[in-house]
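Colleague: Got a predicted structure plus its sequence, pasted below:
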Amino acid sequence: MAHRSDLIATDIGEYLRSHEHKSLLRFITCGSVDDGKSTLIGRLLYESKMLFEDQLAAVEADSRKFGTQGDQIDFALLVDGLAAEREQGITIDVAYRFFSTDRRKFIVADTPGHEQYTRNMVTGASTADAAVLMVDARKGILTQTRRHSYLVTLLGIRHIVVAINKMDLVNYSEATYQRIVEDYRAFARHLGIDDVTFIPMSAFKGDNITEPSPQMPWYHGTTLMGYLETVEIDELRQQAGAFRMPVQWVNRPNLDFRGYCGTVAGGRIRPGQAVRILPSGQETRVARIVTHDGDLDEAVAGQSVTLTLADEVDVSRGNMVADALAPAQTADQFEGTLVWMNDEPLLPGRPYLVKIGTQTATASVTQIKHLVNVNTLEHIAGKQLDLNAIGVCNLSLDRQVAFDPYIENRETGSFILIDRLSNRTVGAGLINHALRRSHNIHMQHMDVDKAARSALKGQKPCIVWFTGFSGAGKSTISNRVEKTLCALGHHTYTLDGDNVRHGLNKDLGFTEVDRIENIRRVAEVSRLMVDAGLIVLVSFISPFRAERQLARSLVQPDEFIEIHVNAPLHVAEARDPKGLYRKARQGLLKNFTGIDSPYEPPENPELSLPTAEIGPDEAAGKVVEYLKARGYLM
């Protein structure tokens, strides 16, 4: 099974060609802490002769310093690269390793076993075709074994090997092996796991890794390497599905060529085949399949190609080219299972960027239906997702997107959530299904639009958003601005934080979740008022940048004016016109901005009013002058 071949010395070109056309299996190792995952991968690298002499010498030296196997080589050190991993003898990060045999190439991901590194395990499993679930023969099925089994099935990995490791430490007992097999099968039935292969082994000793072990004559199944070399690759299953290709780039090098580039995410495509462009729904036919090496008669899942179409249709990055007879779904609301990967919790209503394939949109979680306890698999109620939490949620997007349920296509049914401000990936999810309401609710066209209403009022509509600490002067300045605008004959409306809580938002408290919903509702009302042609004055503390960014994103770029009423906290607290700071300091008022809840000041406001230095009349005058200078007041 060794990777080394006589062709390397005699015909390197032929060797490279044979190596290029081998199939590639991606798999993960997972399980409880210290079950031998890293040792197994080190053994596979060693047996496949993928180690150079200097690497072997280095690991022998490291084994004497960090190893746990006495004078023998500690194969785990080939994978546990971080200093913290070697010192603690555990895996923290996801480690990827490549090796090959005469039959197949492999990329293996060594994933951490600790619960606090669930996000790392999910990352490693997201592209895997198979999972090797390690079980310590001495300990049997543990809580982490169940948790990783759930995650593996959640991510759609269909082929699972339960590697019952460290059989040498239980004297290669058949009874121990059979007990673990029975325990796991009983658990697997609850998860609906059908394709499970059990292999007793010793990664340290090499038993049943590449060759059948003479120590276990009672076992007549495959070796681990025999299984890995023959298991079905997920890509083959994807090729049998319906055609899907997310468009990554529109290639137009000259006036005579327009092609649509992407990686085929499912099925097969041939010239002349009818396709549908999503989400627009336009249909056409494929004219050519273009590659660097020439045109193809057929492209299959996994290939990167350029398609040219028979008709002039509107196609851009983020669209999907799909089989016209079996198109993907389109919706702007769906249910998904979300794994949260950020230190700060997910809160319903907060806006994020969502990326599905090559499509990017703005999205928010509208409802957390339940959380999943990955240790017991029970469903529990929850209002937020913390780091490593998994929940079933409803999501709402700002546009229609094309997708398949994850169970049908992992490429077009998965998504990530991205923080709009930091651009960090904060969550990874799987689409379960579109919400029925997304197909039953449609925008109604109106003949009288925003432009007509604005012209009638003689003004350019906008949102003037005042933000700052309580007591900074937001309501006072907003009130004086509105009086001035009304005197000039303009049509306005003020949404004030306290006033709105007497009606529209009277059901909301002051927790972080409720504050986000408070601003979301006000932002949506403001958008409707802008559509009515009004100048909307919004006076809210609105402490979080993400929610202010949400409000900005609902209207055109020049229709949102963020004004920072910039009074330092000590000045605002000294004013304390409503006595709220005093109550907060006494512990009578929880979640009060500036005391026990944060305020995130604007980074680039259109206008900043230093109200510790100027009075409300001067501040209001600056706002009115800003509106005049930029053409909002006609």
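Modeller: All right, it came through fine. Numbers count the residues shown, from 1 in each chain.

Colleague: Could you tell me the phi and psi values at the residue located most distally from the centre of the chain?
Modeller: Among residues of the chain, the one most distant from the C-alpha centroid is residue 487; the distance is 50.5 Å, by Cα atoms, centre = their mean. Comment: the main-chain dihedrals of residue 487 come out as phi -60, psi -30, following degrees, to the nearest 10.

Colleague: And for the one 4 residues further on?
Modeller: When read as degrees, to the nearest 10, the backbone of residue 491 gives phi -100, psi 120.

Colleague: Wait, it touches residue 456, no?
Modeller: No - taking Cβ atoms under 8 Å as the definition, residue 491 is not a contact partner of residue 456, at 9.1 Å. No exception for glycine: its C-beta is placed from N, CA and C like everyone else's.

Colleague: Per-residue confidence, the residue farthest from the centre of the chain, what does it come out as?
Modeller: With respect to pLDDT, residue 487 has a value of 93.

Colleague: And for residue 484?
Modeller: The per-residue pLDDT reported for residue 484 equals 95.

Colleague: What is the neighbour count of it?
Modeller: Around residue 484 there are 17 other residues, counting by other Cβ atoms under 10 Å.

Colleague: so who does it touch?
Modeller: Residue 484 makes contacts with 620, 621, 624, as judged by Cβ atoms under 8 Å, 6 or more residues apart in numbering.

Colleague: check contacts around residue 280.
Modeller: Contact criterion Cβ under 8 Å, 6+ apart gives 313, 314, 319 as the residues in contact with residue 280.

Colleague: Just the buried ones from those residues?
Modeller: The neighbour-count test (16 or more other Cβ atoms under 10 Å) applied to the contacts of residue 280 identifies residue 319 as buried.

Colleague: ok, so of the contacts of residue 280, who is nearest residue 286?
Modeller: Lowest distance from residue 286 to the contacts of residue 280 (Cβ to Cβ) belongs to residue 313, with 11.8 Å.

Colleague: what number of residues lie near residue 248?
Modeller: With other Cβ under 10 Å as criterion, residue 248 counts 15.

Colleague: Just to check, residue 616 is in contact with residue 474?
Modeller: No - under the criterion of Cβ under 8 Å, residue 616 makes no contact with residue 474, lying 10.1 Å away.

Colleague: Looking at the two, which is more packed in?
Modeller: Just comparing residue 616 and residue 474: by other Cβ under 10 Å the higher neighbour count belongs to residue 474, 29 against 18.

Colleague: gap between that one and residue 382?
Modeller: Computed as Cβ to Cβ, to the nearest Å, the residue 474 to residue 382 distance reads 33 Å.

Colleague: Straight-line length of stretch 134-147, end to end?
Modeller: 12 Å (Cα to Cα, to the nearest Å).

Colleague: Out of the contacts of residue 484, list just those in helices.
Modeller: When the contacts of residue 484 are checked against helices using DSSP state H, the ones located there are 620, 621, 624.

Colleague: and which of those residues is nearest residue 469?
Modeller: The shortest gap between residue 469 and any of the ones in helices among the contacts of residue 484 belongs to residue 620, at 18.3 Å (Cβ to Cβ).

Colleague: Assign a three-state SS to the residue lying closest to that closest one once chain neighbours are set aside, would you?
Modeller: Excluding its sequence neighbours, the residue lying closest to residue 620 (Cβ to Cβ, 6 or more residues apart in numbering) is residue 480, at 3.8 Å. Following DSSP: H, G, I helix; E, B strand; the rest coil, the label given to residue 480 is helix.

Colleague: How many residues are close by residue 480?
Modeller: Counted with other Cβ under 10 Å, the burial measure for residue 480 works out to 18 neighbours.

Colleague: cool, residue 566 as well?
Modeller: Counted with other Cβ under 10 Å, the neighbours of residue 566 add up to 22.
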